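Engineer: got a predicted model here, sequence first, then my questions.
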Amino acid sequence: MRHGKSDWSTRTVDHARPLTERGVRSARVMGRMLTDVGLQPGLVMTSTATRAATTAELAAEAGGWTCPIEATDDLYDTGVDAVVELVGGVDEGVEHLLIVGHEPTWSALVAELTGAAVAMKTATVAVIDTPGRWSWLQQLPSELVALYQPRQIERVYEHRSDR
C-alpha cells in the first residue's frame, strides 16, 4: 500500500509531512475494504514517515485489525532490493502482510515481483500472490491479483447502506 495523500502545504521536512483530509479518508476506506474482502493483515510494516505511519494506523483502526504494526526507517527513501530483503525476514506464519511505503519504490516493487506496470497512486493497494515463503519472494514469480485504488472503493462504500 502506498501512503495516503500528503499535505504539501505544510512547511515541514519530507519525513514529517502529514496526510490531507482526503488522505485520512482514503486510508480508512482502504483498511475497511481489506477486511471486507478477507485480506486483513497478520502484520503491517510501515515507513516511519508520518504520512505512511498514519496511513497504516488509520487503515488498521478502520479495518478492526489487531495485528502488530512495525514502523521502520528501512521503508523510507529506499529501493526495491531493501524492501525485498526486509520482507524476506517476515515470519512464515504471517499469511497476509501489508507494507506501507512510498513512490517510486512501490511501482518498481510491483513490476519487479510481477512484471506488471501499475500506477501506485496515493493509498492504492496492490495485492500480490507470492508462492512459497516470504524468503523466496524474488526467487519465484509472483502474481498481481488485484489493484485497489481509493477513488474506486470510496464510490462503492458511498452506495452501501450498512456503512
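Structural biologist: Done, it's in. Numbers count the residues shown, from 1 in each chain.

Engineer: next, the buried residues of stretch 98-115.
Structural biologist: Buried residues in stretch 98-115, counted by 16 or more other CB atoms under 10 Å: 98-102, 105-107, 109-110, 112-114. Yep, even glycine has a C-beta here, placed from its N, CA and C like the rest.

Engineer: hmm, I was thinking of stretch 50-69
Structural biologist: 50-60, 62-63, 65, 67, 69.

Engineer: would you mind confirming that residue 22 makes contact with residue 4?
Structural biologist: Yes: applying CB atoms under 8 Å, one finds residue 22 in contact with residue 4, separated by 7.4 Å.

Engineer: ok, the two, which is more surrounded?
Structural biologist: Each of residue 22 and residue 4 has its neighbours counted (other CB atoms under 10 Å); residue 4 has more, 30 against 17.

Engineer: surely the more buried one meets residue 121?
Structural biologist: No: at 10.2 Å, residue 4 does not count as touching residue 121 under the criterion of CB under 8 Å.

Engineer: other residues contacting stretch 4-11?
Structural biologist: 17-20, 22-24, 26-27, 51, 54-55, 58, 122-123, 150 (CB atoms under 8 Å, 6 or more residues apart in numbering).

Engineer: next: stretch 66-77.
Structural biologist: By CB under 8 Å, 6+ apart, stretch 66-77 touches 15, 40-49, 52-53, 56-57, 60, 82-83, 86, 99-102.

Engineer: and it, how far from the chain's centre?
Structural biologist: Taking CA atoms, centre = their mean, to the nearest Å, one finds the center of stretch 66-77 at 11 Å from the center of the full chain.

Engineer: quick one: average pLDDT of that stretch?
Structural biologist: For stretch 66-77, mean pLDDT rounds to 97.

Engineer: also stretch 144-160?
Structural biologist: For stretch 144-160, the per-residue pLDDT averages 87.

Engineer: in that stretch, what's buried?
Structural biologist: Buried residues in stretch 144-160 (16+ other CB under 10 Å): 144, 147, 148, 149, 150, 153, 154.

Engineer: what is the burial count for residue 129?
Structural biologist: The burial count for residue 129: 11, using other CB under 10 Å.

Engineer: kindly report the same for the one 5 residues further on.
Structural biologist: A count of neighbours around residue 134, defined by other CB under 10 Å, yields 16.

Engineer: quick thing: my sequence starts at 128, can you match it?
Structural biologist: OK, 128 is where the count begins now, so the last one is residue 261.

Engineer: correct me, but residue 162 touches residue 191?
Structural biologist: Yes: Residue 162 is within contact range of residue 191, at 6.0 Å (criterion: CB under 8 Å).
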